[in-house]
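Asks: next come a sequence and a model predicted from it.
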Amino acid sequence: MNYPVPTGMLEVPADRYSTHPVLNQAQPANGFNAFTGDTVLRAAIDREAPWAAGRCEALGALAGDEYVQDLARLSNRYTPELKTHDRFGNRIDWVEFHPSWHELMSLAWKHEVPNLAWRTNEKNGHFARAVLSYLWNQVEQGSACPTGMAYASHAGFEAEPALAIWAEKSKGTSYEFSRREVGDKPSVVIGYAMTEKQGGSDLRETQTTARYSHSDDYHGATAHWYELTGHKWFCSVPQSDGFFTLAKVNGDVTCFFLPRTLPDGSYNRFFVQRLKDKCGNKSNASSEVEYAGTLAIRVGEEGRGIREILSHSHLTRLDFAIGSAGLMRQSLTLALRHTTTRNAFGTTIADRPMMTNVLADLAVEVEASTLMALRVAKATDLMAASEHEKLLARVATPAAKFFNCSRAPSIAYEALQCHGGNGFIEENPMARLYREAPLNSVWEGTANMMCMDVRRAMMKDSGTIHALLDEVAPLAGQDTRFDALVQHAERLMRAAVGNEFLARPMTEVVARVLQGAELLRHSTQEVVDVFLNTRSPNGTGSWGSHYGTLAVTVSQPAAQKVVRRAMVTC
Ligand SMILES: Cc1cc2nc3c(=O)[nH]c(=O)nc-3n(C[C@H](O)[C@H](O)[C@H](O)COP(=O)(O)OP(=O)(O)OC[C@H]3O[C@@H](n4cnc5c(N)ncnc54)[C@H](O)[C@@H]3O)c2cc1C
């Protein structure tokens, strides 16, 4: 769907209306390709999935496209509205969106953001899909919620024979905003509804109940239908075609799949109570819903619901780790464009020594987060064939989700600061990124839940700690600063297994080890030096508590090289 979007400046003759010439405004960050212009990302695809380069290039162009950037602005300004009833008084529980939202969703699906990993037979499909998600998160983050959930849902569909039709449809690339029976749809949008009022982290406290209704043939397989009664306090993308959800059967939490349209074409009883008025993520609808005799298909065995639904969360957590890295990358790109195209005190702002310090510090953090998330994606590709990769994926996924999602707000803040007052104004995408940045650390498991999960993995299987140490063993002796970081991590891991109080610092240092290892493998000496001089235990004293406090051990010329590496070339 196309509609006219005003772009560019109105041509007002300067002599008639203006009191002054407009001078020294920074150039907008457009006209670039977020893939081909990004040294780190291009090299990553060349290494692991060169077959996907064309797709990445096509998507990367959207991030720098002025028209698409305006779609992102419009979809966040003209926010979704709930329509509970039609004009005749029938309940419809539907959501209305600005056309820009649907155009973004169509682009995401067309570019395989939700499902490349499931559609391709090429090697490292999850890695390539992670790069697409990284790029999409530089286009518009609200729609990254449905793309991430659709990605994770496919694994759930494949594991449940009754949902084979959904597995097939979830590979579609043609987005359709409609409420039709799954068999009639070219693709599907999927939500996850778990969180209830009394608590989201502790899903054992689920209040919603389910009662067996009947079993019948569903698109060629037997489905066991239950009637659900209860509520969900958070349910994003309520206009989805179906939802994975939880309810108790005889007191035991069980996983269900709830189609919004039933096999006879009628609407399921799915009552959207209201939409959440959110701090960010404005383009995307999030809601409160109630179930009353709502029909849903059981997934897996009764009583194994939490285990079942958490088995998908490996993929959503990977997606948030990569998504937050993408948001950080976009923040950095905006900061670089602004500071290199605006002058202060006689030079570009980027060339002022203090700003070089800030930009280099941000650039190192973004590269480290990006490479760590991509390493998790690679482990996801390899985990079926390798015990090492399986154990690594198990522990590195929550660690990367914790670290990157917790890191994003401070990066967005500092990038906003680089813009001065203009960064705080809604016309600049920076303001939107700032409001969006904290969200990924909340949903799909909060920061503390991620650290709890890292510790749980280590407690259950001591092989997990060994997998982390094996991962970095080939780098031993290459850099004493890195060796010190690994030793520090090993001590903390062993201590945290016996002491929950240490779970958070331990997870942080695990993430730093993974980042350091990836930087040693794939980055430049200047980036490695900044990272290890400031982020390893024996770098203490040369980094403050804010970005831009690289000191003593980092020279200005080295920082300038780091900044040049991070520039997105046009
Ligand atoms: C915009 C938005 C959209 C959302 N969309 C969805 C959705 O589509 N589907 C869905 O199911 N949910 C959704 N959520 C809900 C989200 O997943 C939950 O908010 C999250 O899981 C946390 O649950 P809670 O809010 O109940 O917080 P709580 O569980 O009450 O936690 C509050 C704080 O306590 C901490 N905490 C809890 N237990 C412990 C512990 N044992 N040790 C240390 N700290 C602890 C947590 O880490 C957190 O910091 C959404 C949330 C938001 C903000």
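Replies: In hand now; what should we look at? Numbering: from 1, shown residues only.

Asks: switch to C-alpha atoms for all contacts and neighbour counts from now on
Replies: OK.

Asks: doesn't residue 225 belong to a helix?
Replies: No: if the criterion is DSSP: H, G, I helix; E, B strand; the rest coil, then residue 225 is strand and not within a helix.

Asks: is it bridged to anything, and to what?
Replies: residue 214, residue 297 (DSSP bridges).

Asks: and residue 174, how far is that from residue 139?
Replies: Plainly put, residue 174 is 19 Å away from residue 139 if you go by Cα to Cα, to the nearest Å.

Asks: show me which of those two is the more surrounded one.
Replies: With neighbours defined as other Cα atoms under 10 Å, residue 174 and residue 139 compare such that residue 139 has more, 29 against 17.

Asks: nearest residue to that one in space, please, no chain neighbours.
Replies: residue 63 (4.7 Å; Cα to Cα, 6 or more residues apart in numbering).

Asks: and that neighbour, what is it in contact with?
Replies: Residue 63 makes contact with 30, 32, 33, 34, 69, 135, 136, 138, 139, according to Cα atoms under 8 Å, 6 or more residues apart in numbering.

Asks: in the stretch 401-550 of the chain, which residue sits nearest the ligand?
Replies: residue 443 (3.6 Å; Cα to the nearest ligand atom).

Asks: are we agreed that that residue is in a helix?
Replies: No: using three-state DSSP, the assignment for residue 443 is coil, not a helix.

Asks: got phi/psi on it?
Replies: phi -80, psi 160 (degrees, to the nearest 10).

Asks: the ligand contacts on the stretch 151-300 of the chain?
Replies: Proximity of the stretch 151-300 of the chain to the ligand is confined to 192, 193, 194, 195, 199, 200, 201, 202, 234, 235, 236, 286 under the rule Cα under 6 Å from any ligand atom.

Asks: again but with the chain, I slipped
Replies: So far as Cα under 6 Å from any ligand atom goes, the chain lies against the ligand at 192-195, 199-202, 234-236, 286, 442-449.

Asks: and for residue 473, the neighbour number?
Replies: 14.

Asks: before we move on, what about residue 79?
Replies: 17.

Asks: ok so it is a strand residue?
Replies: No: Residue 79 is assigned coil when assessed by three-state DSSP, not a strand.

Asks: how about it, phi and psi?
Replies: Residue torsions, per degrees, to the nearest 10, at residue 79 are phi -80, psi 160.

Asks: before we move on, back to that, against the ligand, how distant is the residue nearest to residue 139?
Replies: 23 Å (Cα to the nearest ligand atom, to the nearest Å).

Asks: among the contacts of residue 63, who's most crowded?
Replies: residue 34 (32 neighbours).

Asks: helix, strand or coil: sort out that one for me.
Replies: Once three-state DSSP is applied, residue 34 turns out coil.

Asks: in stretch 349-365, what's buried?
Replies: 349-351, 355-365 (16 or more other Cα atoms under 10 Å).

Asks: please flag which of the residues you listed sit within strands.
Replies: Judged by DSSP state E, strands contain none of the buried residues of stretch 349-365.

Asks: pick the one among those closest to the ligand.
Replies: For the buried residues of stretch 349-365, the closest approach to the ligand (Cα to the nearest ligand atom) belongs to residue 365, at 23.5 Å.

Asks: pLDDT value on the residue nearest to residue 242 when sequence neighbours are not counted, please?
Replies: Sequence neighbours aside, residue 259 is the residue nearest to residue 242 in space, at 4.2 Å (criterion: Cα to Cα, 6+ apart). Per-residue confidence at residue 259 stands at 98 (pLDDT).

Asks: likewise residue 461?
Replies: 91.

Asks: name the nearest residue to residue 285, ignoring sequence neighbours.
Replies: residue 237 (5.3 Å).

Asks: which residues does the one you found contact?
Replies: By Cα under 8 Å, 6+ apart, the contact list for residue 237 reads 145, 146, 190, 191, 284, 285, 286, 287.

Asks: so which of those wins on neighbours?
Replies: The residue in those with the most neighbours, by other Cα under 10 Å, is residue 190 (28 neighbours).

Asks: might one say that that residue is in contact with residue 243?
Replies: Yes: counting by Cα atoms under 8 Å, residue 190 does reach residue 243; the two are 5.7 Å apart.

Asks: ok so, going back, what about the residue nearest to residue 242, distance to residue 188?
Replies: To residue 188, residue 259 is 11 Å away according to Cα to Cα.

Asks: which residues are in contact with each of these two?
Replies: 241, 242.

Asks: name the helix or strand for residue 30, please.
Replies: Assigned by DSSP states H and E, residue 30 belongs to no helix or strand.

Asks: next, give phi and psi for residue 256.
Replies: Taking degrees, to the nearest 10 as the convention, residue 256 sits at phi -130, psi 160.

Asks: for the strand or helix carrying residue 107, name the packing helices and strands.
Replies: Assigned by DSSP H and E, residue 107 falls within helix 99-110. Of the remaining helices and strands, those touching helix 99-110 by 3 or more Cα pairs under 8 Å, 6 or more residues apart in numbering; DSSP states H and E are helix 66-77.

Asks: which other helices and strands contact the helix it packs on?
Replies: Against helix 66-77 (3+ Cα pairs under 8 Å, 6+ apart) you get helix 53-63, helix 99-110.

Asks: residue 125 and residue 171: what is the separation?
Replies: 13 Å.

Asks: spit out the residues that contact these two alike.
Replies: Joint contacts of residue 125 and residue 171 (Cα under 8 Å, 6+ apart) are 116, 118.

Asks: quick check: the farthest pair among the residues of the stretch 151-300 of the chain next to the ligand?
Replies: 202 and 286 (20.3 Å; Cα to Cα).
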